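Undergrad: need a 3D model of the sequence below.
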Amino acid sequence: MHRSLHCHRHHFHWDNQLPPALELEPGDIVELVVRDASDGQITERSLASDIARLDFERVNPVTGPLYVRGAEPGDALVVEVLDLALGSWGWTGIIPGFGLLASDFTEPYLQLSRYDAGGVEFLPGLLLPARPFIGTIGLAPAAPGQHSVIPPRRVGGNLDCRDVVRGARVYLPVEVEGALLSIGDTHAAQGDGEVCGTAIETALGVRVQVDLLRRQPLRFPRVDVPAEPAPESGGSFVTMGVGPDLMAAARDAVREMIDHLVAEYRLSPEESYCLCSVAVHLKLGEVVDAPNWVVSAHLPKAIFR
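TA: Below is the predicted model of the structure:
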């Protein structure tokens, strides 16, 4: 069966006592309208001052919850992303107190982008591939009460896994009867790590098929990623952080990349930090040669036109 759910049926906390917005049979297809991560507080006319005024009680709304008949604790819910309908614009922000380099960037900053299927114009002459995906996809936890949507959990949530694209299958561990699936925080593009705390935040239409694997307990979410066309060739520029603390090494790798972007491309530090969040990919270089580990940041050079 094909169902639909409007974005006004959304919520801001995980809570297994929320009444279902829609009930599904395993195998049903549903279309959801998803709000952007600011819940409409940031518009095409917004300024950096609007970032400073964000109401954090309204961030990261998720559409749902969807009750799946027959789902029980110990099952796995399978959500296949059939389509993501693009919008036309998105935003990236530096939010004081939030992000990997929160101590370095203490003032609000806002970057607005236009996009279509051909790419995201982040800045004039700087075109990112459009790769829309679902940032938040999760189920209600068994623990009672309200739980913030911001941190990810074993039942999913704000995973910000940039591989939840068209054709992906997401496997989520069910903890409560009916599973109670919700989806939100859609993006037009993001780098692995989402280091400043925001991607190309945008509202998208989402079409998914929801199915059920009975008695298939999972400890954590899994994603089956579809084959995609090879990215445009052009090479990468890589910076690194090295040390005994992976978070400190990640910060150092991003700081090195920001220094490179400022010196090589004459971007501002704020533009560079936001670009790292939407286009640069953090990777674990190695975690075996104690006492130091390596985190690398990879900049695709083809985005510069």
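
Undergrad: residue 73: neighbour count?
TA: By the criterion of other Cβ atoms under 10 Å, residue 73 has 12 neighbours. C-beta here means a position set from N, CA and C on the backbone, and glycine is covered the same way.

Undergrad: who's in contact with residue 4?
TA: 30, 31, 32 (Cβ atoms under 8 Å, 6 or more residues apart in numbering).

Undergrad: do the same with residue 188
TA: 86-87, 90, 113, 115, 120, 130-132, 199-200, 202, 204.

Undergrad: 10 Å instead?
TA: Applying Cβ atoms under 10 Å, 6 or more residues apart in numbering, we find residue 188 in contact with 84, 86-90, 113-116, 119-120, 128-133, 199-202, 204, 278.

Undergrad: just the buried ones from the residues you listed, in ChimeraX syntax?
TA: Command for ChimeraX that selects the buried part of the contacts of residue 188, burial taken from 16 or more other Cβ atoms under 10 Å:
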select :84,87,89,90,113,115,119,120,128,129,130,131,132,133,199,200,201,202,204,278
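
Undergrad: same for the longest helix along the chain, what does it pack against?
TA: Assignment by DSSP state H gives helix 246-265 as the longest helix of the chain. Judged by 3 or more Cβ pairs under 10 Å, 6 or more residues apart in numbering; DSSP states H and E, the packing partners of helix 246-265 are strand 236-243, helix 269-279, strand 281-286, strand 293-300.

Undergrad: can you redo those as a markdown table with distance to residue 100?
TA: Output for the helices and strands packed on helix 246-265, formatted as a markdown table (distance: least, Cβ to Cβ, whole Å):
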| stretch | distance to residue 100 |
| --- | --- |
| strand 236-243 | 11 |
| helix 269-279 | 9 |
| strand 281-286 | 9 |
| strand 293-300 | 11 |
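
Undergrad: residue 161: which of those is closest?
TA: strand 281-286 (12.5 Å; Cβ to Cβ).

Undergrad: so in that sheet, which strands flank the closest one, and in what orientation?
TA: Strand pairing for strand 281-286, determined by DSSP bridges: strand 293-300 (antiparallel).

Undergrad: tell me how far the strand it pairs with lies from the chain's centre.
TA: The chain centroid and the centroid of strand 293-300 are separated by 19 Å under Cα atoms, centre = their mean, to the nearest Å.

Undergrad: just stretch 287-300 next, same as before
TA: With Cα atoms, centre = their mean, you get 23 Å for stretch 287-300.

Undergrad: tell me the buried residues in it?
TA: Across stretch 287-300, burial judged by 16+ other Cβ under 10 Å covers 293, 294, 295, 296, 297, 298, 299, 300.

Undergrad: between those residues, which sits nearest residue 192?
TA: For the buried residues of stretch 287-300, the nearest to residue 192 is residue 298 (8.3 Å; Cβ to Cβ).
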